[in-house]
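[1] sharing a model that was predicted from the sequence below.
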Amino acid sequence: MNSADQQDKGLTSVAMSRAMRVPSKRESRPHLDLQPSAVSTSEPEEYLAAWDCVADATNELTFEKGERLLVIDRQYEHLGWLVARKTGGYNKKVGLVPKNYVTKAT
């Protein structure tokens with residue numbers, strides 16, 4: 001690969017990283033005390049995490065890109081948040097996830 005190709009490749013990766021920036025979480029977080037038994041369950045839907053997310057509050061979930069989440073309630077969707085739980089492992093915590101951090105699994 002010559003230096004021009006290397007330079008083009010470098011510019012392409014910079015452009016891609018700019019285009020794929022992590023979306024910001026919304027500032028309006030619904031204040032609620034989530035307990036798995038207290039959440040009304042509609043038809044659960046499986047979602048896939050598009051980004052890593054670290055919880056900023058105790059009622060939010062921390063998850064990694066590629067992790068599967070089960071959305072169990074959409075009562076805060078109008079605020080940009082979904083109520084979900086993790087699908088695998090021992091941690092079945094229910095919490096809020098930013099809607100713009102997940103995509104519907106196919």
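    Perfect, I can see it now. Numbers count the residues shown, from 1 in each chain.
[2] count the neighbours of Leu79 for me.
    Neighbours of Leu79 under the rule other Cβ atoms under 10 Å: 14. Where C-beta positions appear, they are placed from N, C-alpha and C, glycine not excepted.
[3] next one: it from Lys99, what distance?
    Distance of Leu79 to Lys99, given as Cβ to Cβ, to the nearest Å: 9 Å.
[4] also Lys65?
    Look at Lys65 and Lys99: by Cβ to Cβ, they are 16 Å apart.
[5] in terms of neighbours, single out the busier of these two.
    Neighbour tally, Lys65 and Lys99, criterion other Cβ under 10 Å: the higher count belongs to Lys99, 20 against 12.
[6] Leu61 versus the more buried one, what's the distance?
    Distance from Lys99 to Leu61, by Cβ to Cβ: 13 Å.
[7] kindly report the same for Thr106.
    21 Å.
[8] neighbour-wise, which of these two wins?
    Neighbour count, other Cβ under 10 Å: between Thr106 and Leu61, Leu61 has more, with 24 against 5.
[9] can you count the residues close to the closest residue in space to that one that isn't next to it in sequence?
    Setting aside the residues directly before and after it, Leu61 is nearest to Gly95 in space (Cβ to Cβ, 6 or more residues apart in numbering), at 3.9 Å. Other residues near Gly95 come to 23 when the count uses other Cβ under 10 Å.
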